[in-house]
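Asker: structural data only, the sequence is not supplied:
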């Protein structure tokens with residue numbers, strides 16, 4: 001039999017303590033890395049989402065979510081919060097759907113429409129494309 005007097009129990013307690021210390025430090029490190037890199041990781045997901053939305057080569061039209069028409073995730077996509085739409089966030093329409101829901105813009109050509117609406121939400125179109133250079 002092994003007992004604490006022979007030193008066996010002391011060695012096991014040190015090993016268990018070191019394992020627990022390693023486990024706690026590993027969890028703290030992972031949490032710290034998440035906290036430090038969250039914005040960069042989120043930006044990569046946003047970039048991938050925009051790239052997927054633009055993969056059909058349809059011009060995306062920005063509108064303040066407070067002025068949006070139609071159904072969320074069906075007619076338009078909110079830029080930041082997919083479940084709770086803030087009226088001051090930007091919502092994105094593909095051009096054909098925008099034309100259906102906003103008939104008052106029927107007299108504007110696509111380029112003038114895009115320039116006007118990108119400027120209205122404070123994102124000049126050239127600046128937006130520079131941010132997402134692939």
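Answerer: Thanks, I have the structure now. This one's a predicted model, so the numbers in the text were calculated from it and none came from an experiment.
Asker: in the protein, which residue is closest to the centre?
Answerer: residue 46 (4.0 Å; Cα atoms, centre = their mean).
Asker: which residues touch that one?
Answerer: residue 79 (Cβ atoms under 8 Å, 6 or more residues apart in numbering). All C-beta spots, glycine's among them, are computed from the backbone N, C-alpha and C.
Asker: report pLDDT for it.
Answerer: We have a pLDDT of 76 for residue 46.
Asker: for residue 126, same thing?
Answerer: 53.
Asker: and the residue nearest to the centre of the chain, that one's in a strand?
Answerer: No - Residue 46 is assigned helix when assessed by DSSP: H, G, I helix; E, B strand; the rest coil, not a strand.
Asker: what's the weakest-modelled helix or strand in this structure?
Answerer: Least confident element among the helices and strands of the chain, by mean pLDDT, DSSP states H and E: helix 125-131 (a mean of 50).
Asker: burial count for residue 13?
Answerer: 11 (other Cβ atoms under 10 Å).
Asker: surely it is in a helix?
Answerer: Yes - counting by three-state DSSP, residue 13 falls inside a helix.
Asker: pLDDT score for it?
Answerer: At residue 13, pLDDT is 88.
Asker: that one and residue 22, how far apart?
Answerer: From residue 13 across to residue 22, the span is 15 Å (Cβ to Cβ, to the nearest Å).
Asker: any idea how many residues pack against residue 70?
Answerer: Using other Cβ under 10 Å, residue 70 has 15 other residues around it.
Asker: tell me who's in contact with the residue nearest to it when sequence neighbours are not counted.
Answerer: Spatial nearest neighbour of residue 70, excluding adjacent residues (Cβ to Cβ, 6 or more residues apart in numbering): residue 101 at 5.2 Å. If you count contacts by Cβ under 8 Å, 6+ apart, residue 101 has them with 69, 70, 75, 93.
Asker: and those residues, which are buried?
Answerer: Buried by 16 or more other Cβ atoms under 10 Å: 75, 93, out of the contacts of residue 101.
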